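Chemist: fold the following for me, if possible:
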Amino acid sequence: MSRNSRYVRKALNRDYSDLPEIHKFAQRVAFVIGEIDQGKCIETMCRRASNGISFLNMVFQILWNVGYKFADKNIKPRFKIDVILTIISIAHHLILNKAVDNVCQQPLKYYF
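Modeler: The predicted model follows:
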């Protein structure tokens, strides 16, 4: 990234002495350590991870499903064809350069 880019300037000019996320995390860690010192079990302090915004999760899941089905239906067969053609190309190259001796070449057919 360029030193003059907006993101680099923003990172350089940011005040890292006061980050609320870090303070919140540090308070949570201090709380858990205090609870452990008092003899409480760690499992009692576990919290469920937030699901985030359910509407956005649903939208992203739908987009993922549609994209995955599209890729599975349209792109995946093309990869198979590319692999087959690559194998044929390598075999053809080996035969033409006489790198393989045990191959009989007949018109458009190769027998190993």
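
Chemist: tell me the pLDDT at residue 18?
Modeler: Note on residue 18: pLDDT of 81.

Chemist: that one in helix, strand or coil?
Modeler: With DSSP: H, G, I helix; E, B strand; the rest coil as the basis, the three-state label of residue 18 is coil.

Chemist: near it, how many other residues are there?
Modeler: Residues near residue 18, counting by other Cβ atoms under 10 Å, number 7. Where you see a C-beta, it was placed from the backbone N, CA and C, and this is true even at glycine.

Chemist: host element of residue 63?
Modeler: Taking DSSP states H and E as the criterion, residue 63 maps to helix 54-70.

Chemist: grab the CA positions of that helix and hand them over as PDB.
Modeler: The C-alpha trace of helix 54-70 is given here as PDB (Å, rounded to 0.1, in the frame of the first residue of the first chain):
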ATOM      1  CA  SER A  54     -30.000 -12.700  12.000                       C
ATOM      2  CA  PHE A  55     -31.300 -11.000   8.800                       C
ATOM      3  CA  LEU A  56     -27.800 -10.500   7.500                       C
ATOM      4  CA  ASN A  57     -26.800 -14.100   8.300                       C
ATOM      5  CA  MET A  58     -29.900 -15.300   6.400                       C
ATOM      6  CA  VAL A  59     -29.000 -13.100   3.400                       C
ATOM      7  CA  PHE A  60     -25.400 -14.200   3.300                       C
ATOM      8  CA  GLN A  61     -26.400 -17.900   3.700                       C
ATOM      9  CA  ILE A  62     -28.800 -17.600   0.700                       C
ATOM     10  CA  LEU A  63     -26.100 -15.900  -1.400                       C
ATOM     11  CA  TRP A  64     -23.600 -18.600  -0.400                       C
ATOM     12  CA  ASN A  65     -26.100 -21.400  -1.300                       C
ATOM     13  CA  VAL A  66     -26.900 -19.900  -4.600                       C
ATOM     14  CA  GLY A  67     -23.200 -19.300  -5.400                       C
ATOM     15  CA  TYR A  68     -22.300 -22.800  -4.300                       C
ATOM     16  CA  LYS A  69     -25.000 -24.400  -6.400                       C
ATOM     17  CA  PHE A  70     -23.900 -22.300  -9.400                       C
END
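
Chemist: buried stuff in it?
Modeler: The neighbour-count criterion (16 or more other Cβ atoms under 10 Å) identifies no buried residues in helix 54-70.
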